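Student: I'll drop the sequence and a predicted model, then ask my questions.
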Amino acid sequence: MKLAIALSLVAGAAAFTTSAPRAFTGVKSVAFSKAAVESRINTGLEMAKQVPHGGELVDLMVKDDSAKEAAIAACTAEVQLSPRQLCDVELITNGGFSPLTGFMDEATYNNVVEKMELLDGLIFGLPVVFDTDSEDLQPGMTVLLKDGDRAIATVEFTDKFLPNKPLECKKCYGTSEIEHPGALMVATERGKYYMGGKITGLDTPLRDFPCKSPAEVRASLPEDKDVVAFQCRNPVHRAHYELFTRALDDARVGEGGVVLVHPTCGPTQADDIPGDVRYKTYVVLKEETENPRTFWEYLPYSMHMAGPREAIQHMMIRKNFGCTHFIVGRDMAGSKSSITGDDYYGAYEAQDIANELSERLGVTPVPSLNLVYTEEEGYTTDEDAKAKGLEIMKLSGTKFRQMLRAGEDIPEWFAFKSVVKVLRDNQ
């Protein structure tokens, strides 16, 4: 059935051809230059030790009601945002994508696709674009962007262009095969045209989970401690918890460092657990663990499953949220072919590119430990367990989901009871 679906999609996206996995060769060294952004700067920025990407934290939200009314009145058309576009607009507006102040124009888009850089040489992992099939939307127009009846932002369009989507996918995802979820999204969900334009923020979306702005998160973090970011898009189980709490013992992390658990709650792969359900698992786990060195916040970001380049995107975003370090997992943001099941990226490609670009990016990567659970000593590294001849306990994700659906007892070494209950209550 999967093969039939995939073959039918090929007819509609014929330019997306099979390509060999890309070898990430890095990008040339370019000195940091301060981005010229027309934005208001948060005065409490010094509360977190990490500087924003490009040097200044963007804040495009209009605070005055009369100014909002004037911005809306200047619009000549309105557009309903897709869930992915809604995430992008929010992160442009609140500075999560600093130094961007709008959707990328054609020149910026091409540079990011080809070089993973903005036009001034600043690293940027993946393009941020406004897509549309509309023939009516044109450069020079100011358009109201909405989520249902809620006015979210305005955009002043500067250009409109036909992107080379197969090239975008090959460069960003390492393949133009539509069996890759990111390439499938670009080929079948995104519109024919991309448009650049400056954003003015009016309001934030109504969500089931609170998403604080970078300025708000920075204000809650310690002023003088390292902040280690942990990115995830799934419920946190025992191994994850052990991983991010033990990361604070890494030699790269300063004394007294803290962890920011910062899950993405936006659109992701089709078979992932919905964002609102994932959020509920995080809430109960936060209450259960009550760790003073662990902070929990939520990110309105739509996953691309772009492997190494998405790892860079995540590091850049968490830098804007005040993080100095970032845990890079094995096969981070990785994906498999929907037909063959083969991995698109090597297990350590994301870690390699993170190490290569960490100095330019200004974020220190912390490789994730390869933890296993043993009968004799609980959680330890795989290397230590094998060296000592310990009995390693295993439970695959597939088996876990089967046990969950069947109502079987889940081993407590694998998952927290509170998390399991939320998952069962929301099946």
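Tutor: Ah, there it is. Fair warning: this is a prediction, and the values are worked out from it, not measured in the lab.
Student: the helix or strand containing residue 243: how far from the chain's middle?
Tutor: When elements are assigned from DSSP states H and E, residue 243 belongs to helix 238-246. When C-alpha coordinates are averaged (CA atoms, centre = their mean, to the nearest Å), helix 238-246 and its chain have centres 20 Å apart.
Student: kindly report the same for stretch 153-170.
Tutor: Relative to its chain's centre, stretch 153-170 lies at 20 Å (CA atoms, centre = their mean).
Student: could you do stretch 415-424 as well?
Tutor: Chain-centre distance of stretch 415-424: 24 Å, with CA atoms, centre = their mean.
Student: mean confidence for that stretch?
Tutor: Stretch 415-424 carries an average pLDDT of 94.
Student: what residues of it count as buried?
Tutor: By neighbour count on 16 or more other CB atoms under 10 Å, the buried set for stretch 415-424 is 415-416, 418-420, 422-423. Just so you know, the C-beta spots here come from the backbone N, C-alpha and C atoms, and that holds for glycine as well.
Student: now flag whichever of those is closest to residue 68.
Tutor: Of all the buried residues of stretch 415-424, residue 68 sits closest to residue 422, with 37.2 Å by CB to CB.
Student: how far off helix 238-246 does the host helix or strand of the closest one point, in degrees?
Tutor: Using DSSP H and E, residue 422 maps to helix 417-425. For helix 417-425 against helix 238-246, the angle by axes from the mean of the first three to the mean of the last three CA atoms, to 10 degrees is 140 degrees.
Student: mind giving me the packing neighbours of the helix ranked longest in the chain?
Tutor: Counting by DSSP state H, the longest helix found in the chain is helix 275-289. Judged by 3 or more CB pairs under 8 Å, 6 or more residues apart in numbering; DSSP states H and E, helix 275-289 is in contact with strand 294-296, helix 417-425.
Student: quick one: it to chain centroid distance?
Tutor: That offset, for helix 275-289, works out to 18 Å (CA atoms, centre = their mean).
Student: for that helix, what is the average pLDDT?
Tutor: Rounded mean pLDDT across helix 275-289 is 89.
Student: that helix: which residues count as buried?
Tutor: 275, 277-282, 284-286.
Student: and if you look at stretch 320-330?
Tutor: Under 16+ other CB under 10 Å, the buried positions of stretch 320-330 are 320-329.
Student: which other helices and strands contact the helix holding residue 243?
Tutor: Where contact means 3+ CB pairs under 8 Å, 6+ apart, helix 238-246 is packed against strand 227-230, strand 258-261, strand 371-374, strand 378-381.
Student: could you redo the last one with a cut-off of 10 Å?
Tutor: Packing partners of helix 238-246 (3 or more CB pairs under 10 Å, 6 or more residues apart in numbering; DSSP states H and E): strand 227-230, strand 258-261, helix 275-289, strand 294-296, strand 325-328, strand 371-374, strand 378-381.
Student: neighbouring strands of the shortest one in the sheet, and parallel or not?
Tutor: It refers to strand 294-296. Next to strand 294-296 in the sheet, as set by DSSP bridges, lie strand 258-261 (parallel).
Student: likewise for the fifth one?
Tutor: Take DSSP bridges as the rule and strand 325-328 pairs in its sheet with strand 227-230 (parallel), strand 364-367 (parallel).
Student: hmm, who's touching the last one?
Tutor: This means strand 364-367. Strand 364-367 is contacted from outside by 226, 228-230, 243-244, 247-248, 250-253, 257, 311, 315, 323-330, 348, 350-358, using CB atoms under 10 Å, 6 or more residues apart in numbering.
Student: what's near enough to touch residue 183?
Tutor: 13, 16, 19, 165-166, 168-170, 172-177, 304-306, 335, 344.
Student: coming back round to it: reformat the strands paired with strand 325-328 as JSON lines; add mean pLDDT, distance to residue 200 and mean neighbour count.
Tutor: Formatted as JSON lines, those follow (pLDDT from 0 to 100; distance: least, CB to CB, whole Å; neighbours: other CB atoms under 10 Å):
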{"stretch": "strand 227-230", "mean pLDDT": "96", "distance to residue 200": "29", "mean neighbour count": "26"}
{"stretch": "strand 364-367", "mean pLDDT": "94", "distance to residue 200": "35", "mean neighbour count": "21"}
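Student: nearest approach to residue 410 belongs to which of the ones you listed?
Tutor: Proximity to residue 410, assessed across these by CB to CB, is greatest for strand 227-230 (22.2 Å).
Student: next helix or strand past the longest strand anywhere in the chain?
Tutor: The longest strand of the chain (DSSP state E) is strand 150-161. Next in sequence after strand 150-161, counting helices and strands by DSSP H and E, comes helix 165-173.
Student: can you list the buried residues in that following helix?
Tutor: Neighbour counts over helix 165-173 (16+ other CB under 10 Å) mark 165-166, 168-173 as buried.
Student: okay, now the residue nearest to residue 383 when sequence neighbours are not counted: neighbour count?
Tutor: Counting by CB to CB, 6 or more residues apart in numbering, residue 370 is the residue found nearest to residue 383 once chain neighbours are left out, at 7.3 Å. Residue 370: 15 surrounding residues under other CB atoms under 10 Å.
Student: what residues does stretch 376-388 touch?
Tutor: Stretch 376-388 has contacts (CB under 10 Å, 6+ apart) with 238-239, 241-243, 246, 369-374, 389-393, 413.
Student: hmm, the residue nearest to residue 383 is touching residue 243, no?
Tutor: Yes - shown here, residue 370 and residue 243 form a contact pair, counting by CB atoms under 10 Å, at 9.3 Å.
Student: overlap of the contact sets of these two?
Tutor: With CB under 10 Å, 6+ apart as the test, residue 370 and residue 243 both reach residue 329.
Student: lowest average confidence, helix or strand, in the chain?
Tutor: Averaged element by element with mean pLDDT, DSSP states H and E, the chain has its least confident helix or strand at helix 2-12 (a mean of 36).
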